[in-house]
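Engineer: Structural data only, the sequence is not supplied:
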């Protein structure tokens, strides 16, 4: 069949050189580096400087053109073969080659989806996820039965009723003092006052699934959150539902630096309120300048913002105002110790907004008002936002009366980690892959094992060049080390001292010590040994806690901590002086025991038995064991693949050559000729689905 390649960039079909080779490399997970997830990409290829292409790239070679093509960004593109969709993705312009002072070729590289994830997330941290503010909660949610410490909450003042809506919890992870059931101890967990003492030892946690949902909302991406036929979901699985991210951002005290007795844990003394453009209603002036609760500023324009406040509370000088752009997480204004006089309308100048060097900039502002340590009541008639455009027009917005109150703002506690690093860490931890399907923008995230069960068997014997091939050993590694970040907590450091190994890590060696090199796989998360408390007689209480201090019993920090949350039945050993019979506890093991967050087999803090359902056994063993198989081989062959194959294959397919089955490691295909270089792994076992319940 005649083969013709079509390339569309931003829906414009571009001109191609007739003899130009467009070579696409496809690989889902290369056995030479198990920590990476690959998406299709091309070698650099050339496009002629035709009139069509010059118009598309806006004569990029002419750097005097204003508002020309911006090569800093990739642009949407798609490749078709014989007018049938092959791959969707993006094109990056590398440069222009000139001949005789005229443009000759545009140099481009094609990237398949979802390779643009890094460009979408950039360097933003997860505390920029604005949807997390939906889970801000008040002090009443902390101390009451049915609150965040006892059973968890859905959102502010709404108790959780099941695992699915247990969005925020306060787990028993103590950041300073240690509590026990030993009657000889002064720190008895059954006697300590939650309100006066324990709350300064605790920090909240949020369901990890809410973080993933926040990423979807913030960046306009869609993950598969439910099963679609044979395509299993990871982020929507039962196992993932139990995972929580502990909100421990700093190890410093929450009290002022002058305080003799510093306090840690949650800052519930601060009184605050968050307002956004969406909270204000246009009142009067020269028209409403907000668009979908945002302010769009064109080049040359300047908007001056002021907020008017009038408090019925007593005069004080403790008010703090912070203004940030929720789209960029940029702090635009910050002022402390503002004096608010009782029953006096005060206007506070906030900031001037321009587009800077951009032709246009959109602002989505958050105005935060803190009145630590006092609650303040602000009047409805005089709380307003004043916007002046170019000092010529005035636009007045009003807001209803409100009180500052003891609110814990989730984004203040989110640990320091980039969105991309969090996702990459999860991919490494659970051996995940990501891919898209033709005609869909959904990013499918699955375990490697689940993905490998979905392939189609394709016999390419008749297309293979039998005159030459190579056979290599499968992997140059004789040892694979899986590890978490270096331990920082005292319990984990004690474990190292006692057992000469790090809790949760795994060193995997091939059964036979053949020649090779060492590979290290590290995830950016912390691991800690948890404590099942004993009573005065030395019996296990099954009340599990974490103690987040270093070797000197001082508050530690470490990397972000992910754990299974378990609601403990504390009927036999109540906690706190209020005698709570239930509380949230961290665990390295899922509630059904089917999963652990350890790479290797480790003891279960609840049962005190060894649990072998490790990350390795659940998510890596099928792949690694097959890779280390003595009879495993990697073969490299050349084939002239037909259009029907090139258009329909996926890298989880099983390739058959002369009745022998292979898994695909990589395929490099010249789309214009069909000539392909295949790197194949001899199939020694059939993949089975991961256990995700």
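Structural biologist: That came through, no problem. Keep in mind that what you see is a predicted model, and the values were worked out from it rather than measured.

Engineer: contacts for the top strand by length along the chain?
Structural biologist: Ordering each strand of the chain by length in residues (DSSP state E) puts strand 84-99 first. Contact with strand 84-99 is made by 9, 24, 39-40, 44, 46, 49, 57, 60-61, 69, 71, 74-80, 103-113, 115-116, 436, 438-439, 643, 646-647, 671, as judged by CB atoms under 8 Å, 6 or more residues apart in numbering. Backbone N, C-alpha and C define where each C-beta goes, glycine included.

Engineer: helix/strand/coil for residue 331?
Structural biologist: When classified by DSSP: H, G, I helix; E, B strand; the rest coil, residue 331 comes out as strand.

Engineer: my read: it touches residue 324, true?
Structural biologist: Yes. Checked against CB atoms under 8 Å, the pair residue 331 and residue 324 is within contact range at 5.0 Å.

Engineer: What segments of the stretch 251-400 of the chain are strands?
Structural biologist: When secondary structure is read from DSSP state E, counting those that start in this stretch, the stretch 251-400 of the chain shows strands at 271-276, 281-285, 290-291, 294-298, 303-309, 316-325, 330-340, 346-353, 360-363, 365-370, 377-378, 384-389, 393-398.

Engineer: before we move on, the earlier item: in the longest strand of the chain, what counts as buried?
Structural biologist: By neighbour count on 16 or more other CB atoms under 10 Å, the buried set for strand 84-99 is 86-93, 96.

Engineer: Residue 331 and residue 324 - which one has more neighbours?
Structural biologist: residue 324 (19 against 11; other CB atoms under 10 Å).

Engineer: Might you report the residue contacts of the more buried one?
Structural biologist: By CB under 8 Å, 6+ apart, the neighbours of residue 324 are 330-332, 365-366, 368.

Engineer: ok, back up a step: closest to residue 548 out of the strands of the stretch 251-400 of the chain?
Structural biologist: strand 271-276 (25.5 Å; CB to CB).

Engineer: circling back to that earlier point, any of the contacts of residue 324 buried? List them.
Structural biologist: For these, buried by 16+ other CB under 10 Å: 332, 365-366, 368.

Engineer: mind listing the helices in the stretch 351-500 of the chain by residue range?
Structural biologist: Residue ranges of the helices in the stretch 351-500 of the chain, as given by DSSP state H, counting those that start in this stretch, are 410-413, 419-430, 448-452, 490-499.

Engineer: Pick the most deeply packed of those helices.
Structural biologist: helix 448-452 (a mean of 23; mean count of other CB atoms under 10 Å).

Engineer: roughly how far is that helix from the heart of the chain?
Structural biologist: Mean-position distance between helix 448-452 and its chain equals 21 Å (CA atoms, centre = their mean, to the nearest Å).

Engineer: same deal with stretch 163-172?
Structural biologist: On CA atoms, centre = their mean, the centre of stretch 163-172 falls 19 Å from that of its chain.

Engineer: Stretch 343-353 now?
Structural biologist: 37 Å.

Engineer: Just the buried positions in that stretch, please.
Structural biologist: Those would be 348, 350, 353, for stretch 343-353 by 16+ other CB under 10 Å.

Engineer: quick one: the strands in the stretch 101-250 of the chain?
Structural biologist: 102-112, 137-138, 153-155, 158-159, 168-169, 173-174, 205-207, 243-246.

Engineer: Quick check: pLDDT value at residue 65.
Structural biologist: Turning to residue 65, the model gives it a pLDDT of 80.

Engineer: who wins for proximity to residue 589 among the strands of the stretch 251-400 of the chain?
Structural biologist: strand 271-276 (37.1 Å).

Engineer: Where does pLDDT dip in the stretch 51-200 of the chain?
Structural biologist: Within the stretch 51-200 of the chain, the ranges that satisfy pLDDT under 70 run 114-117, 143.

Engineer: ditto for the chain
Structural biologist: For the chain, applying pLDDT under 70 flags the ranges 1, 29-41, 114-117, 143, 473-477, 510-514, 627-631.

Engineer: let's see it at 50
Structural biologist: 31-32, 35 (pLDDT under 50).

Engineer: quick one: furthest residue from the center of it?
Structural biologist: The centre of the chain is farthest from one residue, residue 100, which by CA atoms, centre = their mean lies 49.6 Å away.

Engineer: Now for the spatially closest residue to residue 197 that is not a sequence neighbour, how many residues are close by?
Structural biologist: Spatial nearest neighbour of residue 197, excluding adjacent residues (CB to CB, 6 or more residues apart in numbering): residue 177 at 7.9 Å. Neighbours of residue 177 under the rule other CB under 10 Å: 16.

Engineer: Confirm for me that residue 177 is in contact with residue 199.
Structural biologist: No. The pair residue 177 / residue 199 is not scored as a contact, 11.9 Å apart, by CB under 8 Å.

Engineer: Tell me where the stretch 551-693 of the chain has strands.
Structural biologist: Counting by DSSP E, counting those that start in this stretch, the strands of the stretch 551-693 of the chain are 562-569, 582-587, 602-603, 610-611, 634-640, 654-657, 660-670, 675-682.

Engineer: If anything else comes up later, I'll come back, but that's it for now.
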